[in-house]
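# curious how this folds, go ahead:
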Amino acid sequence: MSGICGVWLRDPSPRLTLSDIGSMCGALGPTGETRCLLLHEGTVGLGVQALPGYADGVLEERHGDRTLAVAFHGNLYGSPASNALLRDLLEGYVRVGIRFVETLHGEFAFALWDSELQRLFLVTDRFRVHPLLYGEGAQDRSRSFVFASRMRALDRAPGPIIRTISEASLMDVVASSYIPTPNTIFREVQKIPPGHILSQGRERSTLEGYWDVDFRHRSHESEDLLAEELRQSFRKAVAVRLETDRDPERVGAFLSGGVDSSTVSGVLTEVAARPIRTFSIGFGEERFNEMSYARIAARRFGAEHHEYFVTPKDTAAALPLIVDEFDEPFGNASAVPTYFCARLAKENGVDVLYAGDGGDELFAGNERYSFQRVFEHYERLPRPFREWILRPAVYAAARAFPVGLTNRARKYVDKASLPAADRISAYDFLNVVPLRDLATPELLDILDGYDASRAVRCHYERARGDTGLDRFLYMDLKLAIADNDLYKVNRMTERAGVVVRYPFLDPGPVSVAERVPAALKMRGRKLRVFFKRAYRDFLPPEVIQKTKHGFGLPIAIWLRTDPALHALMRDLVLSERSVARGYFQRTTLERMVAEHRKDETSFYGTALWNLMVLELWHRRYRDG
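Here you go, the predicted structure:
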């Protein structure tokens, strides 16, 4: 594990020591090299826990009476290594101020101190591959400001943050498996959004975005020219990362057999000019097991392919590890196969894995985009016809014949009539199981006004895009990628001792994705049309034609059929210890368990897994 941390004591009594910052650095991870600085007469401390694969470091420079210092975690591609990189950062700041970050090419989080301005800057990269948390200190040091890459490092700060659980964040975990930015599980701690600068002064702070994805710059170039630009920019994105990694023999790739991971594996093979190692996860459940496609892609590119089949026993064993690794309750069950895939890579001599995250969200590859496209037909009809003729006729038919086709037509009209942002969340857990049925009366009082769809609505409405698809893509880059997938992959791979590269999130491919019109990315309900055409002569036909899968976990099936996991689920969800926390009504929890035994979908299974993670987190972090 690695990252940065620091403290600013704006009322300097007592002063910081190197051991204060060293203690915070130690909480970032047990294996890296700790580097610390004390600044401004012991009132400012910066630290980093450095790991191989990152250009991590701290640096202090004096410019007359002015002191500048930086703590950096991550990589800047095409830049010099560590100390020279840090000097370049400070030189860029001296030349143009903190907005120099707009020109940076990489994945990073850093803190920069300017003694002349009495200001501390915290910066995340464009997609926030590396997160930063921050908050105010405890009452005995009420004038302290603390930050860190991990929550546990905040615990070690002098005058640590007083932390109270956010009930709204608890419900976010149940509803969506993760907590959307800027919130965390604690009211007093926040996350810096992707592509943002937090500027902290003595009295006040500002949070400002310096970059955002923008799908409004549609190109008028031909599809062939855009496809060629994509192929060239993606190859450059892989090549510049491989230059950083230096030793191709220690490099490999995730390979699910889907379009994204297969493209990454193939391009990486070309750039490295040698066979690479690829790693895949399978399951005994046939509809979750797509190992055959991974094998096809591996053969196509001559990869040294490795496989691991995750079992229910593996999942039970990994649960405590998952709870220990994340800063807050996190219920994305695909963390399990991600960890075992990274562990497999490490066991086979790989230190760096290349991943395909972001491809679906940039080039329209998620199945729900196709599902939502169905409702656009209704929206294209003239509003008077929809409201005065079609809708009343469908409702009348459904009342007369309340089953079969008329009932389905009524449900379609109901969903199609919703605002797009609300329709996205219409099938979410808390829109099916009402909050009033799940939460206890005491929790309901606290949650007054809670809206599980607020993050979806916020990002959809502020999206920089002119079409419904563009808005979906924008929203998913903020939620599915920044808040969910990157967090999951980084934490699990670091736990296994592996670093990850994300070439799809490079400025080159992103710039192409911003300019490809939505009508080329999807045609009708067909996904990834532009991307697949761009790589149709490169990828195996079977991969081009397959439906999306990824590294999913059949957790809903296993919670129902595996005795050990089912018993663990009942203990974590229904035990007196968990019910006594006062969050959820026992009768509703029992009904969820009973419904899950009969339901063949993953609906209840996903929610029950989220509840399991939530209870384990309490036992690990709140019960002593």
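
# residues contacting Ser166?
By C-beta atoms under 8 Å, 6 or more residues apart in numbering, Ser166 lies in contact with 183-187. All C-beta atoms are positioned from the backbone trio N, CA, C, and that covers glycine.

# nearest to His618, out of the residues you listed: which one, please.
Closest approach to His618 among these (C-beta to C-beta): Ile185, at 10.2 Å.

# separation between the closest one and Tyr339?
Separation of Ile185 from Tyr339 (C-beta to C-beta, to the nearest Å): 21 Å.

# check Gly497 too.
Counting by C-beta to C-beta, the gap from Gly497 to Tyr339 is 11 Å.

# more neighbours: which of the two?
Using other C-beta atoms under 10 Å, the more surrounded residue of Gly497 and Tyr339 is Tyr339, with 25 against 18.

# buried ones in the helix or strand where the more buried one lies?
If you go by DSSP states H and E, Tyr339 is part of helix 335-347. Buried residues in helix 335-347, defined by neighbour count with 16 or more other C-beta atoms under 10 Å: 335-346.

# tell me what that helix is packed against?
With contacts taken as 3 or more C-beta pairs under 8 Å, 6 or more residues apart in numbering; DSSP states H and E, helix 335-347 sits against strand 277-282, strand 304-309, helix 312-325, helix 486-495.

# re earlier: from the buried residues of helix 335-347, which single one is nearest Ala50?
For the buried residues of helix 335-347, the nearest to Ala50 is Lys346 (18.7 Å; C-beta to C-beta).

# read off the pLDDT value for that closest one.
pLDDT, Lys346: 97.

# counting by contacts, list what the top strand by length along the chain packs against.
In the chain, with assignment by DSSP state E, the single longest strand is strand 66-76. With contacts taken as 3+ C-beta pairs under 8 Å, 6+ apart, strand 66-76 sits against strand 3-9, strand 33-39, strand 44-50, strand 57-63, helix 82-96, strand 106-114.

# need these in JSON lines (columns: mean neighbour count).
Shown next, in JSON lines, are the helices and strands packed on strand 66-76 (neighbours: other C-beta atoms under 10 Å):
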{"stretch": "strand 3-9", "mean neighbour count": "29"}
{"stretch": "strand 33-39", "mean neighbour count": "19"}
{"stretch": "strand 44-50", "mean neighbour count": "28"}
{"stretch": "strand 57-63", "mean neighbour count": "17"}
{"stretch": "helix 82-96", "mean neighbour count": "16"}
{"stretch": "strand 106-114", "mean neighbour count": "24"}
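
# would you reformat those as JSON lines and include distance to Gln545?
Below are the helices and strands packed on strand 66-76 laid out as JSON lines (distance: least, C-beta to C-beta, whole Å):
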{"stretch": "strand 3-9", "distance to Gln545": "41"}
{"stretch": "strand 33-39", "distance to Gln545": "48"}
{"stretch": "strand 44-50", "distance to Gln545": "45"}
{"stretch": "strand 57-63", "distance to Gln545": "47"}
{"stretch": "helix 82-96", "distance to Gln545": "44"}
{"stretch": "strand 106-114", "distance to Gln545": "32"}
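
# single out the most deeply packed of the helices and strands packed on helix 335-347.
Each of these was assessed for mean neighbour count using mean count of other C-beta atoms under 10 Å. The highest is strand 277-282, with a mean of 26.

# which other helices and strands contact it?
strand 251-254, helix 291-300, strand 304-309, helix 335-347.

# and of those, who's closest to Glu60?
When those are compared by C-beta to C-beta, strand 251-254 sits nearest Glu60, at 33.7 Å.

# tell me the strands beside the closest one, with direction?
As defined by DSSP bridges, the strand partners of strand 251-254 come to strand 277-282 (parallel), strand 352-354 (parallel).

# which residue is nearest the centroid of this structure?
Centroid-nearest residue in the chain, with C-alpha atoms, centre = their mean: Asn484, separated by 2.7 Å.
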